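*Asks:* Build me a model:
(chains A, B, C and D)
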Protein chains: 2
Amino acid sequence: MLLSKSCVYGLRASLYLSSKKDQEFHSLKEISDELEISFHFLTKILQQLTAEGYIESYKGPNGGVRLSKNGMEATLYDLVIAIDGPGLFTQCALGLPGCGLQEPCPLHDSWVESRKSIEEMLQRMTLNEIAEEGKEKHFRLTAEGEFSWQ
Amino acid sequence: MLLSKSCVYGLRASLYLSSKKDQEFHSLKEISDELEISFHFLTKILQQLTAEGYIESYKGPNGGVRLSKNGMEATLYDLVIAIDGPGLFTQCALGLPGCGLQEPCPLHDSWVESRKSIEEMLQRMTLNEIAEEGKEKHFRLTAEGEFSWQ
DNA sequence: TATTAATAAGATAAAATACTCTTAAAACAT
DNA sequence: ATGTTTTAAGAGTATTTTATCTTATTAATA
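*Replies:* Numbers count the residues shown, from 1 in each chain, chains lettered A, B, ... in the order given. As a prediction, this is how the structure comes out:
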């Protein structure tokens, strides 16, 4: 798999938040229910994104999480780095430490290309921009697809 | 990571075998030593490739493994499918089962592109063809790079 | 101020992946 | 024939990832 489950959960939750145009806090219970992600597990992942400043949280009744200004301007690439680390974008496809232009593995050149393609996929738009497009195209965020962008 | 460790080990071992132009059997000990892969673990992985018909094995003294005719004409794509399964090439980047053209996730279109790029990387050449190129370009197959194509 | 609803954080458990060890089976060599 | 070298296969261990459970902390509201 390209991204870890943690990472995918983090992206989907962030996209969920971006889909809510209001600036309100949404509880983790709501998010985990809507996206069908384990509540406690999601908690952990969003704590990472909170620590990185992409998400703001508020405790107590009516508390929850929302995207920070930084978060709204962040790309999925930023979130992937925050959760999975930069490995996907820096490492050799065969995991060979010294691999590079001078002494490439058989996949090196092609992988640099493919990797760029993946980077572009994740960097093309900010969460805000994806949310805009989501309103038109009604992007899927759940398995069943019973989710609707506001 | 794109490919599992098992898969990477399997690819490297297959490339190693392809680099030996002779039709001789090479012992797993030799391969695991040269590529610095755990002997027993490599055994398991190559057994899968043997079961799939990409590798031929021979027991007893002077025994070992070599690429079958099928194996020499196989691409890295075939080997990845044999070890990791087809998931990488069929699944949604966000792991959403129903994702497709009609109800795409935010990454769908781009991911179809990136995925194609990865597929092309793995399908571009057969092991035989990579071996040819390897002789010219001395592709790296180890961390240290003290490996040489024959 | 007490209760309640929410996140934060740590400890634990389960599952998947990665790796190791042991024994069996095959086939060559002497 | 016997011993040795090799792959084959199964069981077992370790590590990492994923998931759950429990307790603490925060803040609104009644």
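
*Asks:* Which parts of chain A are helices?
*Replies:* Applying DSSP state H to chain A gives helices spanning A:5-19, A:28-35, A:39-51, A:69-73, A:76-84, A:87-90, A:108-123, A:127-137.

*Asks:* Compare those helices and give me the one nearest B:Thr75.
*Replies:* Distance to B:Thr75, taken as C-beta to C-beta, is lowest for helix A:108-123 among the helices of chain A, at 12.1 Å. Where C-beta positions appear, they are placed from N, C-alpha and C, glycine not excepted.

*Asks:* Does chain B have contacts with the closest one?
*Replies:* Yes. Judged by C-beta under 8 Å from any C-beta of the partner chain, helix A:108-123 and chain B are in contact via A:His108, A:Ser110, A:Trp111, A:Glu113, A:Ser114, A:Ser117, A:Ile118, A:Glu120, A:Met121, A:Leu122.

*Asks:* give the contact list for A:Gly63.
*Replies:* Neighbour list for A:Gly63: A:Phe25, A:Ser27, A:Ser57 [criterion: C-beta atoms under 8 Å, 6 or more residues apart in numbering or on different chains].

*Asks:* on that earlier part again, figure out which of the helices of chain A is closest to B:Lys5.
*Replies:* helix A:87-90 (13.0 Å).

*Asks:* Show me what the closest one is in contact with.
*Replies:* Here helix A:87-90 makes contact (C-beta under 8 Å, 6+ apart) with A:Leu2, A:Leu3, A:Val80, A:Ile81, A:Arg115, A:Ile118, A:Glu119, B:Met1, B:Leu2.

*Asks:* Tell me which residues touch the fifth one, please.
*Replies:* For A:Arg115, the residues meeting the contact criterion (C-beta under 8 Å, 6+ apart) are A:Leu88, A:Phe89.

*Asks:* hmm, 7 Å instead?
*Replies:* A:Phe89 (C-beta atoms under 7 Å, 6 or more residues apart in numbering or on different chains).

*Asks:* if I pick A:Leu28, what's in contact with it?
*Replies:* A:Leu28 is in contact with A:Phe39, A:Leu42, A:Thr43, A:Leu46, A:Gly64, A:Val65, counting by C-beta under 7 Å, 6+ apart.

*Asks:* Dump these into a markdown table; add distance to A:Cys99 and neighbour count as well.
*Replies:* Conversion of these to a markdown table gives the following (distance: C-beta to C-beta, whole Å; neighbours: other C-beta atoms under 10 Å in any protein chain shown):
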| residue | distance to A:Cys99 | neighbour count |
| --- | --- | --- |
| A:Phe39 | 41 | 12 |
| A:Leu42 | 36 | 21 |
| A:Thr43 | 38 | 14 |
| A:Leu46 | 35 | 22 |
| A:Gly64 | 44 | 18 |
| A:Val65 | 39 | 25 |
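
*Asks:* same question for stretch A:93-103, mean pLDDT?
*Replies:* Computed over stretch A:93-103, the mean pLDDT rounds to 95.

*Asks:* before we move on, the earlier item: would you mind checking the residues of helix A:108-123 next to chain B for buried ones?
*Replies:* Burial of the residues of helix A:108-123 next to chain B was assessed by neighbour count (16 or more other C-beta atoms under 10 Å in any protein chain shown); the buried members are A:His108, A:Ser110, A:Trp111, A:Ser114, A:Ser117, A:Ile118, A:Met121, A:Leu122.

*Asks:* That'll do, ta.
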